[in-house]
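Q: sequence first, predicted coordinates after that:
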Amino acid sequence: MIAEPLSPPNSIEGLSPYELRVDQSRGVSESVVKTALETGDMGFLHSFTTGSTVDGPGVRVVGWTAGCQFRCVYCHNPDTWNMMNGMPVTLERAIDAIRKYRHSLKIMAGGFTLSGGEPLMQDRFAIRLFTAIKAAGIHTALDTNGFLGERLSDEELEEIDLVLLDIKTWDPERHRRLTGKDINPTLDFACRLAGLNRPVWVRFVLVPGLTDDDANVTAIAKFAGALGNVQRVDVLPFHQMGRFKWKKLGLDYQLNDVELPSRDRVERACAQFQAEGLIAY
Ligand code: SF4
């Protein structure tokens, strides 16, 4: 399939992460990207959105980073896979864009979440941004697949008030098939966060026929329950809102015929987590 030509948008403020955004770094040289990744002076962002109630506690501003090393077959933001689809944003501009919401975020018991894509692809930018935002008195959360968790030191992890850790599936072979990567780095990061007693919410996408079998859910629930630092589990029902992006990008979407999970199945998955002593929604 040939993708239709797409134009980059102009504003970093987005209405939702479901906006298709590509080629926002057109013309940025390789050396500029390399320096940005080494120093964190600049990040590559799909967009900023406001008013999220599903990406951590309270109402949140979310920064959607570009660049991800996973290729989840159910990804709803494949335009964030390529870092060059992100808009180059200086650290100062990013800090200002978030800090202006400081008072309203406090009133709404919310904060700032860095999501993606995979934010730790830009670990220096991420940690410098978190450090500045936390110093401004804003709650910080990192939404990550955990694969690059070792890039952050124990001290740096203290700048992050909450880690939203995405566990995709349990079986290593299935994990590789669904994401293209090994599961062990994610589980190692989970154990390290537990050892440091850092707060974690586990996020798990329930995909009919791919991740929703009882054995898979129970295995993840038992692992999460044993960690001791998991404050909550979000069971996220698969949806088709990202399907149009795959089509527009000319990617082979294999989940056209997958239906949304039933309410009963979502509730049963929550019960499986609750059976391990966890709070699950
Ligand atoms: S980790 Fe997230 S952004 Fe990356 S491919 Fe998977 S669902 Fe998409």
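A: Structure's in. What do you need? Numbering: from 1, shown residues only.
Q: where do the strands sit along the stretch 51-200 of the chain?
A: Assigned by DSSP state E, counting those that start in this stretch, the stretch 51-200 of the chain shows strands spanning 60-65, 87-90, 111-115, 139-144, 162-166, 200-206.
Q: closest one to residue 249 among the ones you listed?
A: strand 60-65 (16.1 Å; C-beta to C-beta). C-beta here means a position set from N, CA and C on the backbone, and glycine is covered the same way.
Q: quick check: mean pLDDT of that closest one?
A: Strand 60-65 comes out with an average pLDDT of 97.
Q: likewise for stretch 244-253?
A: Here the average pLDDT along stretch 244-253 is 96.
Q: now do the end-to-end distance for it.
A: From its first residue to its last, stretch 244-253 covers 9 Å (C-alpha to C-alpha, to the nearest Å).
Q: from the chain's centre, how far out does that stretch sit?
A: 20 Å (C-alpha atoms, centre = their mean, to the nearest Å).
Q: repeat for stretch 219-238
A: The answer for stretch 219-238 is 16 Å, by C-alpha atoms, centre = their mean.
Q: follow-up on the earlier one: can I get the strands of the stretch 51-200 of the chain in a markdown table with distance to the ligand and mean neighbour count?
A: Shown next, in a markdown table, are these (distance: least, C-beta to the nearest ligand atom, whole Å; neighbours: other C-beta atoms under 10 Å):
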| stretch | distance to the ligand | mean neighbour count |
| --- | --- | --- |
| strand 60-65 | 9 | 26 |
| strand 87-90 | 17 | 20 |
| strand 111-115 | 8 | 27 |
| strand 139-144 | 8 | 24 |
| strand 162-166 | 6 | 23 |
| strand 200-206 | 8 | 23 |
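Q: and for residue 138, the neighbour number?
A: Applying other C-beta atoms under 10 Å, we find 21 other residues in the vicinity of residue 138.
Q: please disregard the earlier target; I meant residue 73.
A: Here the number of neighbours of residue 73 (other C-beta under 10 Å) works out to 17.
Q: ok so, going back, and the strands of the stretch 51-200 of the chain as a markdown table, adding distance to residue 214?
A: As requested, those are exported to a markdown table (distance: least, C-beta to C-beta, whole Å):
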| stretch | distance to residue 214 |
| --- | --- |
| strand 60-65 | 32 |
| strand 87-90 | 42 |
| strand 111-115 | 29 |
| strand 139-144 | 26 |
| strand 162-166 | 20 |
| strand 200-206 | 12 |
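Q: now for the ones you listed, which one comes closest to residue 41?
A: strand 87-90 (6.7 Å).
Q: the closest one pairs with which strands, parallel or anti?
A: When pairs are called by DSSP bridges, strand 87-90 turns out to pair with strand 42-52 (antiparallel).
Q: quick one: mean pLDDT over the partner strand.
A: 96.
Q: got the angle for it vs strand 111-115?
A: With axes from the mean of the first three to the mean of the last three C-alpha atoms, to 10 degrees as the basis, strand 42-52 and strand 111-115 are set at 130 degrees to each other.
Q: ok, strand 42-52 near the ligand or not?
A: No. Shown here: strand 42-52 not in contact with the ligand (C-beta under 6 Å from any ligand atom), separated by at least 9.9 Å.
Q: please save the CA atoms from that strand in PDB.
A: The C-alpha trace of strand 42-52 is given here as PDB (Å, rounded to 0.1, in the frame of the first residue of the first chain):
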ATOM      1  CA  MET A  42      16.200  19.300  23.100                       C
ATOM      2  CA  GLY A  43      13.400  16.700  22.800                       C
ATOM      3  CA  PHE A  44      11.400  15.300  20.000                       C
ATOM      4  CA  LEU A  45       7.700  15.400  20.800                       C
ATOM      5  CA  HIS A  46       4.600  14.300  19.000                       C
ATOM      6  CA  SER A  47       2.600  16.900  21.000                       C
ATOM      7  CA  PHE A  48       1.500  18.100  24.400                       C
ATOM      8  CA  THR A  49      -2.100  17.500  25.400                       C
ATOM      9  CA  THR A  50      -4.000  18.800  28.400                       C
ATOM     10  CA  GLY A  51      -6.900  17.500  30.500                       C
ATOM     11  CA  SER A  52      -6.000  13.800  30.600                       C
END
